[in-house]
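S.K.: Quick one, fold the following:
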Amino acid sequence: MPTMSEKILAKASNKDNVEAGDIIIANIDVAMTHDLTGPLSVQSFEKIGAKKVWDSSKIVIPFDHQVPADSIDSANNHIIMRDFVEKQNIEHFYDVNQGVCHQILPELGHVVPGEVIVGADSHTCTHGALGAFATGIGSTDMAMVFAEGNLWFKVPETNRFNVTGALKDNVYAKDVILHIIGKMGADGSTYKACEFGGETVSDMSVSDRMVLCNMAIEMGGKTGLVEPDKKTIDYVEKRSNKPYEVFKTDLDSPSLNIIDIDVSDLEPQVACPHNVDNVRPVSEVDQEIDQVFLGSCTNGRISDLRDAAKILKGNKVARHTRMLVIPASKEVYTKALDEGLIKIFVEAGALVSAPCCGPCLGGHTGIIGPGEVSLSTSNRNFKGRQGSPDGKVFLSSAAVAAASAIEGKIVAPE
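M.R.: Presented below is the predicted three-dimensional model:
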């Protein structure tokens, strides 16, 4: 009677079964690091005396956090990683033009169901939307993965969110996950696998499921997962030729806790400063804004850009507000160009940037100054997250972001 996570980790550790609480050594299928966390992994790899990575075909290295380089330090980090890629003959290296790591890994076929995926980035849990066990690890842990190809895990218990009800107009997956995090609290799923199921999730696209899994970490989750279905398989088989195995949770598992979430009456939601679980309906928030950021590994996909463009078309960004639009990948950017979305954003007064993480981490384009307020479609709003520690960051869906950019204050789309 195992859960999805228990089944995947049993396979990865070459065991017939494992139970929540067991300590296991799991073989890694995909290891990802990027330009910000990668240099410490490389330095640690060399410090332990390792000479060759365990499998150069299973390591993925994208540049996305500070691209193009915005300082001497970031340029040096790029040099360190390019040298490592060359020396170790890393097959899957994506330089500054490809996009955000958590978007391009599934897009480019690196993620399939049943795998164990680790990334030196906390939002690696995004990839569980395709039925993988995906989790973030530290840079020094990544050095050991590079050397050995495996890593120890404590098998997690599972919180399964059974989401039911048809979403109202202008209510999206981002609103659902913000609502869940507000209900659970920032530590409500600490070191638990967060599964998302139910009729509402079944109706969602793969991109929307990525939004749910992306933010599992914001309630303490070890990973986020959605059981693979036809939508998953169609997505995967168009993008990857890797073999895969589909696992599903036995609903009578003793390590499973089912939490029912009815979203029939859910309104657009906003996470208010300075914690992701400080969630309120948009109707209860009265806040002028200085900047709107549409992008990130949470909501920089083509569906988000379409939602925002539909609202912005024929309108203008408010005079006292600036809007930054950053597609999550080159593929998303190209589709937005082909569909005329970029023109809509530019004509509305938004600034469109090349695919990257942007101001999400406060490390590059579009950071906010002292006292400024940002409305962001990203995943974190901690103090100082997008620049000045005296600034404020609110989180919302792409639709709320677009409507708010027009009004110059946080509002729901009509």
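
S.K.: The residue lying closest to Leu312 once chain neighbours are set aside: what's it in contact with?
M.R.: Spatial nearest neighbour of Leu312, excluding adjacent residues (Cβ to Cβ, 6 or more residues apart in numbering): Ala348 at 4.4 Å. For glycine as for every other residue, the C-beta is placed from the backbone atoms N, C-alpha and C. By Cβ atoms under 8 Å, 6 or more residues apart in numbering, the contact set of Ala348 is Leu312, Lys313, Asn315, Lys316, Val317, Met323, Ala405, Ile406.

S.K.: Check Asp175 too.
M.R.: Asp175 is in contact with Leu167, Val263, Leu266, Glu267, Pro268, Gln269, Ser397, counting by Cβ under 8 Å, 6+ apart.

S.K.: Next one: the nearest residue to Val346 once chain neighbours are set aside, what pLDDT does it get?
M.R.: Excluding the flanking residues, the one nearest Val346 by Cβ to Cβ, 6+ apart is Val352, at 6.2 Å. The score at Val352 is 95. That number is its pLDDT.

S.K.: sorry, back to before: output the contacts of Asp175 as JSON lines; include the columns pLDDT, neighbour count and secondary structure.
M.R.: Shown next, in JSON lines, are those (pLDDT from 0 to 100; neighbours: other Cβ atoms under 10 Å; DSSP: H, G, I helix; E, B strand; the rest coil):
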{"residue": "Leu167", "pLDDT": "96", "neighbour count": "18", "secondary structure": "coil"}
{"residue": "Val263", "pLDDT": "97", "neighbour count": "19", "secondary structure": "coil"}
{"residue": "Leu266", "pLDDT": "97", "neighbour count": "20", "secondary structure": "coil"}
{"residue": "Glu267", "pLDDT": "96", "neighbour count": "17", "secondary structure": "coil"}
{"residue": "Pro268", "pLDDT": "97", "neighbour count": "25", "secondary structure": "coil"}
{"residue": "Gln269", "pLDDT": "97", "neighbour count": "27", "secondary structure": "strand"}
{"residue": "Ser397", "pLDDT": "97", "neighbour count": "31", "secondary structure": "coil"}
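
S.K.: how about these, which pair is most distant?
M.R.: Greatest spatial distance among the contacts of Asp175 (Cβ to Cβ): Val263 and Ser397, at 13.2 Å.

S.K.: by contact count, what packs against the helix ranked longest in the chain?
M.R.: In terms of residue count, the longest helix belonging to the chain (DSSP state H) is helix 72-88. Applying 3 or more Cβ pairs under 8 Å, 6 or more residues apart in numbering; DSSP states H and E, one finds that helix 72-88 contacts helix 38-47, strand 59-62.

S.K.: quick one, what contacts Ala405?
M.R.: Applying Cβ under 8 Å, 6+ apart to Ala405 gives the contacts Ile289, Val292, Leu312, Val317, Ala318, Thr321, Met323, Ala348, Ala350, Leu375.

S.K.: And Val67, by the same measure?
M.R.: By Cβ under 8 Å, 6+ apart, Val67 lies in contact with Asp35, Val96, Ala354, Cys356, His364.
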